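# Have a look; sequence and predicted model below, questions after that.
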Amino acid sequence: QGQLVESGGDLVQPGGSLRLSCATSGFTFSDYWMNWVRQAPGKGLEWVSAISCSGSNTYYADSMKGRFTISRDNAKNALYLQIDNLEAEDTAVYYCAKRSGGLMDCWGEGTQVIVSL
């Protein structure tokens, strides 16, 4: 089914930027759509973004458009999420997830992003 390991989370000030990474293994990365999902403290899971197998198509939740950029490097089996102009509301654990058959069937353990002065 595969393994996903997120990294890049940090404590950053409002207005800052972060690039999250997701290293993958155990499956043919280029065959699958990939997603980013986040969970803010005390809240449920929130879908952030998705990217097609080749990377040519990207999708974002309406509230994420403009500050979030998803990308992938199929040669490195890696997924990325660039977040610019961070806001306090972006504080969350960010997960990468593999999509198969319409379901997100494999998840990483997440990386923590904290936006605070």
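Sure thing, it's come through.
# C-alpha from now on. contacts and neighbour counts both.
Will do.
# Next, the residue nearest the centre of the chain: secondary structure please.
Nearest to the geometric centre of the chain sits Trp36, at 3.1 Å (Cα atoms, centre = their mean). Secondary structure state of Trp36, per DSSP: H, G, I helix; E, B strand; the rest coil, is strand.
# Excluding residues flanking it in the chain, which one is nearest it?
Ranked by Cα to Cα, 6 or more residues apart in numbering and with sequence neighbours excluded, the top spatial neighbour of Trp36 is Cys96, at 4.6 Å.
# if we can go back for a sec, ok, the residue nearest to the centre of the chain to Arg99 distance?
Separation of Trp36 from Arg99 (Cα to Cα, to the nearest Å) stands at 10 Å.
# Tell me how many other residues crowd Gly26.
Under the neighbour criterion other Cα atoms under 10 Å, Gly26 is assigned a count of 9.
# for Asn57, same thing?
12.
# Over to Leu117?
Neighbour count of Leu117, defined by other Cα under 10 Å: 8.
# Ser49 is in contact with Val37, correct?
Yes - in this structure Val37 lies within contact range of Ser49 using Cα atoms under 8 Å: 7.1 Å.
# which residues touch the residue nearest to the centre of the chain?
By Cα atoms under 8 Å, 6 or more residues apart in numbering, Trp36 lies in contact with 47-50, 81, 94-97.
# Quickly list what it is bridged to.
Ser49, Cys96 (DSSP bridges).
# what's the pLDDT at it?
Predicted confidence (pLDDT) at Trp36: the value is 98.
# what do you get for Leu20?
pLDDT, Leu20: 98.
# Gln39 now?
Gln39 is assigned 98 on the pLDDT scale.
# got the contact list for it?
45-46, 92-94.
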